[in-house]
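# structure for this input, please:
(chains A and B)
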Amino acid sequence: MKHFFTILSHEVRMLLVNPATYVAAVIFLSLMGFVFTDILETFSRAAQDTSPADVFFKQFYLPVLFIVPLLTMKCLAEERRLGTMETLLTTPVTTTEVVVGKYGAAYVLYMGLWVATGGFFWILKAFAGDSRLLDPGPMIGGYLFIAVSGLLFVAIGVLASAVCRTQAVAGILCFAMLFALIFGGSYLGAATWLRGDIMHPVKSAVDYAQVLQHYEDFTRGVVDFRQLLFYFSSTVLALLFSILAVEAKLLHN
Amino acid sequence: MTLLEQNKPAIEVSHLVKTFSGVTAVNDVSFTVEKGEIIGFLGPNGAGKSTTMRMLTGYMPATSGSISICGFPVATQSEEIKRRVGYMPENNPLPEDMRISEYLYYRGRLKEVPRSKLGSRIDEVLEVCDLKRVRHRIIGQLSKGFRQRVGIAEAILAEPPVIIMDEPTIGLDPHQIIIVRDLIASLRGRMTVIISSHILPEIEMTCDRVLIINQGRVVAQGTPAALRREILGHVRYEIIISGDFSSLNRVVSLVDPNITVALQDETDAEGFKTVVLTTDKDEELGEVLLKKLIEAHFRVRSLNRQRPTLEDVFLAATRRSWDVIDKK
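Below is the predicted model of the structure:
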C-alpha cells in the first residue's frame, strides 16, 4: 500500500480540477436543496411526527442513483480506453493500489458532497432558531448511514467501471446495480413466492440486505453490527471483484 | 546493485511464446541484450513487436518461455522488473488534463524516485527532452511531437537500467526525429534501450544491433552491416560506360569469374549504357574493375558501389521468412 496515498491524492486532485465534478456537485446540492425546502414547507404548514432530518435523509436514494455513477464511471473505464492503464501498471504499483486509490478518491468526494448538505441544517438553525426542527439523533444517524452505505455504493460504481470499456456503459450498469440493491430488497421482501418454507434461507438473506430498512434503523439510533458487517463485507467483495476484473482484462485483451 | 545483477545480461529471452485465443502472436522468440546496448526491433505490422515488448515489461504474461531482466525473472518477480524498466507504450497514452510538470511529478512518485531528488530530476529530463518552455502546458493541448517527448521524458525519469520504447519516433518531423535520435544515442552505455520502429534509417543510425521479427519469429539478428552480408549476400556495382559491349562479359570475368552482368537496353545519344554488375565478393572491386575497363578501351563515365539499405535487408529477411512459412 506504498503508493495508495500517491494515487489517492492524485485522483482527488484530478477530480477537483475536472469541471464534471462541479457540475455533479451543483446538480446534487440544488436537488437536495429543493428536497430540503419542500420538507420545510410541509413542516411549516402543520406539525409532523418526525424531524426534518429524518425525512431529508429518507431521500438518500435520489442523489445516490445519479451522483455515484457520475463520480465513479470514469475511474477505471477511462484509463483503459485511453491506454494509460498500461503505463500505470508498468510502474511498481499493484492493481490493488490502483483500484483502492481510485475508490478512496471517489468516496472522499461523495462524502464531501454530503457534508456540504450540513449547510442546510446550519441555515435552518441560524434563521429559524427553532430547536424542535433540529433533532440531533436522526441527523447523526442519517449521516452515519450515508457514510456506511456510501462505502458499498461507491464500491459498486468502481466495479461497474472495472468491467466496462466505455464510461457510458459503466454509468448505466452502476445505475442499474444501485437501483436493484436499494429497491430490489424491499420488492423481494414483499414477494409472496419467497414466503414458502423451502425458500426460507433466501428470504432471510434478502431480509438482511434491506437497504431501506437499514436506513430506518440508523435514524432511530439502532446501529446493528450485522448491518455494518453487511456493508463492510459487500464493499470488500465489490472491490475484490473490481481488482479481479482489471487483472482479467489484462490477460484477455 | 547486487552481484547477481552485475554479471547478468540486461535482458535474456528464451523460447518466448504468446497465443491469443488460438492465434500465435509470438512464436519461440529468443534473444539476449547486453548492458548498455541499444537494440532495434523491426518487423511488419502485426509481427509481434508490441506483444514482445509488453511481455518484457511484465504487463502481459507470456504463454510459455522465460524472460529475465537484470537477472530477475519477469514471471515471478514482476515488482523488481517494474522498478528496472522504463516503458513507453505504442501510441504513447497520456492523461489529457494534466500539466507536463504535474504528470512527471506524479509518475516520479509512482516510480519511487525519492521526493528530495524528484524536483531536480524532473528539471533534468525536461532539459534533456527540450520541454522546459512548455512545462506548464496542459498535455491534451500539446502537438504530437511534444507529447512524444513527454513520453520519452517519462520513460527515462527514474533512470531505469532498461528502457523499452514502442515506436518512439512515430509522427515526428525530421527535426524532432534528430532530437529523439540524439537523445537515445546519449543513453548508450548507461542504459539498455530497446526501440521498435518502422523508420529503418532511424534504427540503423541509433542501434547497435537489429532484430527483425516476422510472424512472431525472429528472422534475423545482428549488426546492420552483418545483416547486409548475411541476408543479401551480394554487392552491386553500377557503371555507365560506352564501347564494345560484346567484349564486356569477357573483361569483367577477368576481375571476378562469378560476376553477373545486367545490361540496360537503351543507349543514350553519346552511346553510354548503364550496366549493373552483381558479385558475391565483399571486398572492394572498383579499382580493378576501372583499370580493366579502361585497358579494354571502354569510356567510363561513372562507377558506383551500391550500399544496400537496411530497408533492402528488411524486405529480403521478411520475404525469406514468408517463403519458409509458405512452405510449411
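
# near chain A, which residues of the stretch 1-150 of chain B?
B:54, B:57-61, B:79, B:82-83, B:85, B:87-89, B:91, B:93-98, B:106-107, B:109-112 (CB under 8 Å from any CB of the partner chain). Where you see a C-beta, it was placed from the backbone N, CA and C, and this is true even at glycine.

# mind redoing it with 6 Å?
B:57, B:59, B:79, B:82-83, B:87, B:89, B:93, B:95, B:106, B:109-112 (CB under 6 Å from any CB of the partner chain).

# please name the nearest non-neighbouring residue to whichever residue of the stretch 51-200 of chain A sits closest to chain B.
The stretch 51-200 of chain A approaches chain B most closely through A:Gly83 (3.3 Å), counting by CB to the nearest CB. The shortest distance from A:Gly83 to any residue other than its chain neighbours is 3.3 Å, reached at B:Pro93 (CB to CB, 6 or more residues apart in numbering or on different chains).

# what is the burial count for the residue of the stretch 51-200 of chain A closest to chain B?
Using other CB atoms under 10 Å in any protein chain shown, the number of residues around A:Gly83 comes to 15.

# B:Cys70 too?
Per other CB under 10 Å, the neighbour tally for B:Cys70 reads 24.

# got phi/psi on it?
As for B:Cys70, its main-chain torsions (degrees, to the nearest 10) stand at phi 50, psi 30.

# so it is in contact with B:Arg84, correct?
Yes. Using CB atoms under 6 Å, B:Cys70 makes contact with B:Arg84 at a distance of 5.4 Å.

# what's the overlap in contacts for the two?
B:Pro161 (CB atoms under 6 Å, 6 or more residues apart in numbering or on different chains).

# still on that earlier bit, the residues of the stretch 1-150 of chain B next to chain A in helices, which ones?
Using DSSP state H, the subset of the residues of the stretch 1-150 of chain B next to chain A located in helices is B:Thr57, B:Glu79, B:Lys82, B:Arg83, B:Tyr106, B:Arg109, B:Leu110.

# filter these down to the buried ones and hand me the PyMOL line.
Provided next is the PyMOL selection string for whichever of these are buried by 16 or more other CB atoms under 10 Å in any protein chain shown:
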select buried, chain B and resi 57+82+83+106+109+110
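
# next one: phi and psi at the residue in the stretch 201-328 of chain B positioned nearest to chain A?
The minimum distance from the stretch 201-328 of chain B to chain A, using CB to the nearest CB, falls at B:Gly216 (17.7 Å). Note on B:Gly216: its backbone torsions stand at phi 80, psi 10 [degrees, to the nearest 10].

# following the lowest-mean-pLDDT helix or strand in chain A, which helix or strand comes up?
Lowest on mean pLDDT, DSSP states H and E among the helices and strands of chain A sits helix A:200-208, with a mean of 79. Downstream of helix A:200-208, the next assigned helix or strand under DSSP states H and E is helix A:211-219.

# any idea how many residues pack against residue 150?
You didn't say which chain, so I picked chain A. 21.

# my question was about chain B
Counted with other CB under 10 Å, B:Val150 comes out at 26.

# repeat for B:Asn258
10.

# quick one: low-confidence parts of the chain?
By default, I'm working from chain A. By pLDDT under 70, the low-scoring segments of chain A are A:130-133, A:253.

# actually, chain B is the one I wanted.
Scanning chain B with the threshold set as pLDDT under 70 gives B:1-7, B:232-233, B:321-328.

# rewinding a little: in this structure the residue of the stretch 201-328 of chain B closest to chain A contacts B:Val29, no?
No. Counting by CB under 6 Å, B:Val29 is not a contact partner of B:Gly216; they are 7.1 Å apart.

# got phi/psi on the closest residue to chain B within the stretch 101-250 of chain A?
Residue of the stretch 101-250 of chain A nearest chain B, by CB to the nearest CB: A:Leu250 (6.7 Å). Dihedral pair for A:Leu250: phi -70, psi -40, per degrees, to the nearest 10.
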